[in-house]
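Peer 1: sequence first, predicted coordinates after that:
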Amino acid sequence: MSQPRLTVLAGPTAVGKGTVSTYIRDNYPEVWLSVSVTTRPPRPGEADGVHYYFVSAEEFDSMVSNGELLEWAVVHGTNRYGTLRRTVQEAMDDGRSVLLEIDLQGARQVKASMAEAMFVFLAPPSWDEMVRRLVGRGTESAEEQQQRLETAKLELAAEPEFDHTVVNDSVNRAADELVSLMGLRPRRP
């Protein structure tokens with residue numbers, strides 16, 4: 001099986017994209033995970049350059065103006081996120097398996113410019129479980145949670161735009177399925 005050079009992972013809010021990506025980072029060092037740029041403040045436990053590159057709105061605007069981002073979007077109407085074009089291209093040039101964990105808007109931008117990439121939709125096991133995860137993480141106000149859930153309804157409807165769907169009913173199982181789709185052998189303890 002040939003390895004796709006670029007895999008895009010997207011899905012609705014609170015589906016666990018970050019958790020699955022962290023598991024892959026910790027267990028599959030052969031996969032290069034893109035670190036997104038964002039204008040949002042760090043959440044507890046997040047480190048600059050590891051989880052995200054945290055930048056000011058002015059720095060982000062400069063990156064957009066200079067064409068430094070492969071994709072970027074305003075997410076949930078407030079903060080901006082983007083992927084550095086240079087780091088992705090360097091990893092692909094090195095022959096690495098590249099994984100982008102991005103939102104739906106970003107996935108659509110990448111699809112427009114790099115249709116040869118593989119696009120994977122991370123789905124929740126159920127709507128109720130997704131709501132439980134969002135509320136349970138306690139990082140957003142009730143108003144922000146409601147806004148994210150409204151956005152999630154639109155994001156869930158986009159599933160048919162993707163090449164594959166992986167259900168995140170178990171982080172390690174979902175991660176193993178994803179790396180298998182990438183042409184890599186899943187690890188078993």
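Peer 2: Everything's here; your move.
Peer 1: quick check, central residue of this structure?
Peer 2: Centrality entry for the chain: nearest residue to the mean C-alpha point is E101, 1.9 Å, by Cα atoms, centre = their mean.
Peer 1: please name the residues that touch the nearest residue to it once chain neighbours are set aside.
Peer 2: Nearest non-adjacent residue to E101, counting by Cβ to Cβ, 6 or more residues apart in numbering: S21, 4.3 Å away. C-betas here are computed from N, CA, C, even on glycine. The neighbours of S21, taking Cβ atoms under 8 Å, 6 or more residues apart in numbering as the test, are L9, L33, L99, E101.
Peer 1: ok, now M92?
Peer 2: M92 neighbours (Cβ under 8 Å, 6+ apart): R5, L6, V98.
Peer 1: pLDDT score for it?
Peer 2: Looking at M92, its pLDDT is 90.
Peer 1: that one: which element?
Peer 2: If you go by DSSP states H and E, M92 is part of helix 85-93.
Peer 1: looking at the contacts of S21, which are in strands?
Peer 2: Using DSSP state E, the members of the contacts of S21 that fall within strands are L9, L33, L99, E101.
Peer 1: and which of those is nearest to Y53?
Peer 2: The shortest approach to Y53 among the ones in strands among the contacts of S21 belongs to L33, at 13.0 Å (Cβ to Cβ).
Peer 1: which residues sit against stretch 143-155?
Peer 2: 10-14, 76-77, 103-104, 130-131, 134-135, 140.
Peer 1: tell me the average confidence for that stretch?
Peer 2: Stretch 143-155 comes out at a mean pLDDT of 87.
Peer 1: how about the longest helix seen in the chain: buried residues?
Peer 2: Identified as the longest helix of the chain according to DSSP state H is helix 142-156. Neighbour counts using 16 or more other Cβ atoms under 10 Å place Q145, Q147, R148, L149, T151, A152, E155, L156 of helix 142-156 among the buried residues.
Peer 1: centre of the chain versus stretch 85-105, how much separation?
Peer 2: Centroid separation for stretch 85-105 versus its chain: 11 Å, with Cα atoms, centre = their mean, to the nearest Å.
Peer 1: just give me the neighbour total for L104.
Peer 2: 24 (other Cβ atoms under 10 Å).
Peer 1: how close does it sit to L154?
Peer 2: Note on L104: its distance to L154, by Cβ to Cβ, to the nearest Å, is 8 Å.
Peer 1: since that was my last question, I'll sign off now.
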